[in-house]
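Enquirer: What shape does this take:
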Amino acid sequence: MPEFKLTPKQKRIGMLLLASLAAIAGIAGLVNFITEYRLLNKSILEPLSESRIEQQTKKDADFAHFYAEASIIRDALKTTEDQEKYKDVTYKQLKEFLIYYGDKEYCDMVENEARKQHTAEIMSKVKPKIDDLKQKWETFIAEHNPAQYINIEVVEDGYGYSEMVFFGDYTKYPRFHFKSSEPKGAISDGKFTLECFNNEGANTSMISENIDYEFVKVHNSKEKYLQLAKYPQTDFWDIYNLRAIVHSVTLKDGTRISDDDIEQVPETVRNYLDRRDEDSEAQMIIDQIDKKFVSAKKYSFEALHKALMKHDPVCYELVERVNNISGQIQRGFSIY
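Expert: Predicted coordinates for the structure are as follows:
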């Protein structure tokens with residue numbers, strides 16, 4: 001088989017062709033770079049064409065989502081004053097900031113560090129006072145709780161016919177009686193309500209009937225049953241339960257203990273003792289201990305605010321302003 005060799009002239013032509021192709025590729029790459037540079041360095045006040053968006057999304061899969069957020073921001077800048085203030089913000093600048101703004105891992109880190117600092121520098125100073133306040137009012141509530149003097153249990157007695165049976169009336173009604181005890185000694189009187197709750201956990205009572213001490217003492221056995229004439233259904237006890245709520249008792253020495261006494265507990269303290277969460281604790285501290293107290297939530301927000309402001313003050317101000325209007329830009333931190 002004859003050996004194929006390029007002549008010097010053919011070699012020169014081949015080298016020129018390769019150089020030309022490389023130059024063309026380089027020029028194309030440079031053109032793409034310049035095009036992308038110009039596109040990303042446009043003001044966010046200048047909308048991009050659909051073709052430009054599609055072209056850039058092929059290079060950057062996240063660009064379409066970013067552009068949607070940028071459009072929300074642009075549309076929120078209605079006034080001439082706003083447009084003048086933010087006209088120099090570019091797509092590139094905003095995109096870099098939103099990546100930073102939406103970095104949940106980073107924002108969580110800043111927030112957690114701020115909370116640790118808050119615990120060490122602020123909460124450590126008020127915690128002893130919180131403990132004293134809780135002990136004081138928990139003791140007061142326990143001593144002024146009328147339910148400590150009488151326990152009233154509602155005992156279910158199944159179902160039965162009405163005592164006033166008319167011809168053809170075979171309806172059965174739920175029956176019950178009371179079982180009571182007085183753990184701190186006999187009382188002379190009391191006021192209660194009989195209330196009905198759904199077994200699935202709803203805390204709203206469907207019934208609230210006033211009953212007194214003698215009524216409870218009389219209906220204290222299955223033979224002295226009571227009947228719910230308003231509820232002719234034989235699945236009542238499967239769905240509902242009855243509770244006797246103690247509102248006041250009068251002791252043998254004439255002392256009256258009432259749940260009205262609980263009104264003496266400051267509202268913010270009662271709210272905290274009911275909820276036991278960070279927000280109610282902060283409100284109690286401000287109301288009862290230190291009016292200048294800064295909550296962990298506010299403290300960590302301010303730390304995040306400073307970090308984001310430091311990164312890009314203009315973009316942070318812009319995005320926060322738009323969020324206050326629409327709330328559509330996703331933050332990385334979760335304190336809102």
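
Enquirer: number of nearby residues for Tyr161?
Expert: By the other CB atoms under 10 Å criterion, the neighbourhood of Tyr161 contains 12 residues. Yep, even glycine has a C-beta here, placed from its N, CA and C like the rest.

Enquirer: Skip the chain neighbours and tell me the closest residue to it.
Expert: Excluding its sequence neighbours, the residue lying closest to Tyr161 (CB to CB, 6 or more residues apart in numbering) is Lys172, at 5.9 Å.

Enquirer: try Phe293
Expert: Ile285 (4.7 Å).

Enquirer: How about the contacts made by the residue nearest to Tyr161?
Expert: Listed by CB atoms under 8 Å, 6 or more residues apart in numbering, the contact set of Lys172 reads 159-161, 232, 234.

Enquirer: Restricted to buried residues, select those residues in PyMOL.
Expert: Restricted to the buried members of the contacts of Lys172, where burial is judged by 16 or more other CB atoms under 10 Å, the PyMOL selection command reads as follows:
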select buried, resi 159
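
Enquirer: Name the nearest of the contacts of Lys172 relative to Gly190.
Expert: Compare each of these with Gly190 using CB to CB and the shortest gap goes to Gly160, at 27.7 Å.

Enquirer: Can you show me the strands along the stretch 101-250 of the chain?
Expert: 151-161, 172-181, 187-198, 208-212, 226-227, 240-251 (DSSP state E, counting those that start in this stretch).

Enquirer: buried sites along stretch 200-212?
Expert: Burial within stretch 200-212, assessed by neighbour count using 16+ other CB under 10 Å, is assigned to 205, 211.

Enquirer: With stretch 50-69 instead?
Expert: Under 16+ other CB under 10 Å, the buried positions of stretch 50-69 are 52-53, 55-56, 63, 66-67, 69.

Enquirer: same check, this time on stretch 64-84
Expert: By neighbour count, and taking 16+ other CB under 10 Å as the criterion, the buried residues in stretch 64-84 are 66-67, 69-70, 72-74, 76-77.

Enquirer: in the stretch 1-150 of the chain, which ranges drop under the pLDDT threshold?
Expert: Screening the stretch 1-150 of the chain residue by residue with the criterion pLDDT under 70, one finds the ranges 1-39.

Enquirer: For Met206, give me its contacts.
Expert: Residues in contact with Met206 (CB under 8 Å, 6+ apart) are 195-198, 240.

Enquirer: Quick one, which of the residues you listed are buried?
Expert: Members of these that pass the buried threshold by neighbour count (16+ other CB under 10 Å) are listed as 195-197, 240.

Enquirer: Local confidence estimate at the residue nearest to Tyr161?
Expert: We note a pLDDT of 85 for Lys172 in this prediction.

Enquirer: Helices along this protein, start to end?
Expert: 8-40, 50-59, 63-76, 80-85, 91-101, 104-118, 124-143, 213-218, 236-239, 267-275, 278-288, 296-311, 313-325 (DSSP state H).

Enquirer: could you dump these to a markdown table with distance to Asp253?
Expert: What follows is the helices of the chain, written out as a markdown table (distance: least, CB to CB, whole Å):
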| stretch | distance to Asp253 |
| --- | --- |
| helix 8-40 | 84 |
| helix 50-59 | 83 |
| helix 63-76 | 70 |
| helix 80-85 | 73 |
| helix 91-101 | 67 |
| helix 104-118 | 50 |
| helix 124-143 | 16 |
| helix 213-218 | 16 |
| helix 236-239 | 39 |
| helix 267-275 | 28 |
| helix 278-288 | 33 |
| helix 296-311 | 48 |
| helix 313-325 | 61 |
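
Enquirer: Mind checking these for the one nearest to Gln227?
Expert: Using CB to CB, the nearest of the helices of the chain to Gln227 is helix 236-239, at 11.0 Å.
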